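Undergrad: how would this look folded up:
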Amino acid sequence: MRLNFKQQELIDNLVHTVESKFPGVKFVDVTESPEDPDDLWVNVTKIKDSDKLMELFDYCSEMSADILMNYGYHMLVMPVK
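TA: Numbering: from 1, shown residues only. From the prediction side, this is the model:
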């Protein structure tokens, strides 16, 4: 998978912001969505606390929506084991 400069910049910013707000979360990798190869999954370590996990989902969904609206890239933050 090849990322263009803007995609990499957006991912770097997204990861930095998420890791700053949720200190227990660490970047794992970026993969294509199995449903649509144009969609990117930014995989991060999973949070065990379910309330914090929901907070992460809410926070990241807003950032993902902004990226989609402003740049046309569909990126989702996906907690993985």
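Undergrad: from here on, contacts and neighbour counts on C-alpha atoms
TA: Will do.
Undergrad: just say helix, strand or coil for His68.
TA: Quick fix: residue 68 reads Leu, not His. For Leu68, the assignment made with DSSP: H, G, I helix; E, B strand; the rest coil gives helix.
Undergrad: ok, it touching Leu76?
TA: No - with contact defined as C-alpha atoms under 8 Å, Leu68 does not count as touching Leu76 (10.0 Å).
Undergrad: between those two, which one's more packed in?
TA: Set Leu68 next to Leu76 and count neighbours by other C-alpha atoms under 10 Å: Leu76 wins out with 22 against 13.
Undergrad: report all helices and strands that the host helix or strand of the more buried one contacts.
TA: Taking DSSP states H and E as the definition, Leu76 sits inside strand 75-80. For strand 75-80, the elements it packs on are strand 40-45, helix 50-71, judged by 3 or more C-alpha pairs under 8 Å, 6 or more residues apart in numbering; DSSP states H and E.
Undergrad: need the winner for burial among those.
TA: Among the helices and strands packed on strand 75-80, the stretch with the highest mean neighbour count (mean count of other C-alpha atoms under 10 Å) is strand 40-45, at a mean of 20.
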